[in-house]
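In: build me a model:
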Amino acid sequence: MAFIPRIYIGSDRIAEGRAYIDGSDANHILRVLRKEKGDELHICDMHGNSYTATIDEITHDGLYALLGEAEKQNNEMPFKVSVYQCFPKGDKLETVIQKAVELGAYEIVAVMSERCVARPDSKAFAKRLERLKKISESAAAQCGRSIIPEIRGIISYSEAIKEISQKDIGFICYEGDGTKPVKELLGDNPQSIGFLIGPEGGLSEKETAIAKESNIALAGLGKRILRTETASGYVLAGISVLMEM
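Out: Here you go, the predicted model:
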């Protein structure tokens, strides 16, 4: 069976039963995948609608696709989960984003905490952000997401705490004492969940104190200490098992 690309476009690109695709998506479809007029695409409008589409017209800078009937998708978690990831070393953030998207995160936010070893400034991170967003889009397409999860940052630890405190359920993942199991923190029918994962060196006592002052719980992740790039996927999988399945 031929591979059918999955493309995400804004609803403003859809009119009179056709969708317009340009830029890197069009280049990938036409130049890399070598799709032609009459070939099929899957198109998502970022609002839960999916279309089986057929390439109808190829222009000098893009293509038009004729849309079939819209099909409502229900591939998202019934609540929005925000992952606050303290900035890790190397390319670990790419792994975190890829796996968090596959496991249902609504957004991934890069956070600068006290013990982060890698400390890119906002300008350096802005250059990297485009690639991180592409990783999110690719992971979303691979696992059939209805949306492309947003990638944000870099924000400060205090900003992250403020945002998490405004979620229906919020917690900090911590390997020290005074924690509760994640399953005890998950309430009924939340609309939003936010949790923070520390960097390789963990969170400082000062940072955990700030969380407690904001009435944010400390969550333990079992008897084993997980790598920073593993922890968010572990939590997301647990949330899915406990609240989705």
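In: let me know the pLDDT of residue 123.
Out: Reading off the confidence values, residue 123 has pLDDT 84.
In: so which strand or helix has it?
Out: Secondary structure here is read from DSSP states H and E; on that basis residue 123 sits in helix 122-142.
In: remind me what the helix or strand following that helix packs against, helices and strands.
Out: Counting by DSSP H and E, the element after helix 122-142 in chain order, helix or strand, is strand 150-156. Judged by 3 or more CB pairs under 8 Å, 6 or more residues apart in numbering; DSSP states H and E, the packing partners of strand 150-156 are strand 107-112, helix 122-142. C-beta coordinates here come from the backbone N, C-alpha and C atoms, glycine included.
In: pLDDT value on residue 1, please?
Out: At residue 1, the predicted lDDT confidence score is 52.
In: related to what we said a few turns ago, residues of the helix holding residue 123 that come out buried?
Out: Of the residues in helix 122-142, those with enough neighbours to count as buried (16 or more other CB atoms under 10 Å) are 125, 128, 129, 132, 135, 136, 137, 139, 140, 141.
In: switch the helices and strands packed on strand 150-156 over to TSV; also include distance to residue 84.
Out: Written out in TSV, the entries for those read as follows (distance: least, CB to CB, whole Å):
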stretch	distance to residue 84
strand 107-112	5
helix 122-142	15
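In: rank those by mean pLDDT and give me the bottom one.
Out: Set side by side, these give their lowest mean pLDDT on helix 122-142, at a mean of 91.
In: output that helix as CSV - backbone C-alpha positions only.
Out: Output of helix 122-142 as CSV, limited to C-alpha atoms (Å, rounded to 0.1, in the frame of the first residue of the first chain):
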residue,chain,number,x,y,z
SER,A,122,16.3,33.3,24.1
LYS,A,123,17.9,34.2,20.8
ALA,A,124,19.8,30.9,20.6
PHE,A,125,16.6,29.0,21.5
ALA,A,126,14.5,30.9,18.9
LYS,A,127,16.8,29.5,16.2
ARG,A,128,16.3,26.0,17.5
LEU,A,129,12.6,26.3,17.9
GLU,A,130,11.8,25.8,14.3
ARG,A,131,13.4,22.4,14.3
LEU,A,132,11.6,21.5,17.6
LYS,A,133,8.3,22.4,16.0
LYS,A,134,9.0,20.2,13.0
ILE,A,135,9.7,17.3,15.4
SER,A,136,6.4,17.9,17.0
GLU,A,137,4.6,18.0,13.6
SER,A,138,6.3,14.8,12.4
ALA,A,139,5.5,12.9,15.6
ALA,A,140,1.9,14.1,15.5
ALA,A,141,1.5,12.9,11.9
GLN,A,142,3.2,9.6,12.7
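In: other SSEs contacting that helix?
Out: Here helix 122-142 is seen to pack against strand 6-8, helix 92-102, strand 150-156 when contacts are counted using 3+ CB pairs under 8 Å, 6+ apart.
In: can you spell out which helices and strands pack onto whatever helix or strand residue 25 lives in?
Out: When elements are defined using DSSP H and E, residue 25 is found to belong to helix 23-27. Judged by 3+ CB pairs under 8 Å, 6+ apart, helix 23-27 is in contact with strand 62-67.
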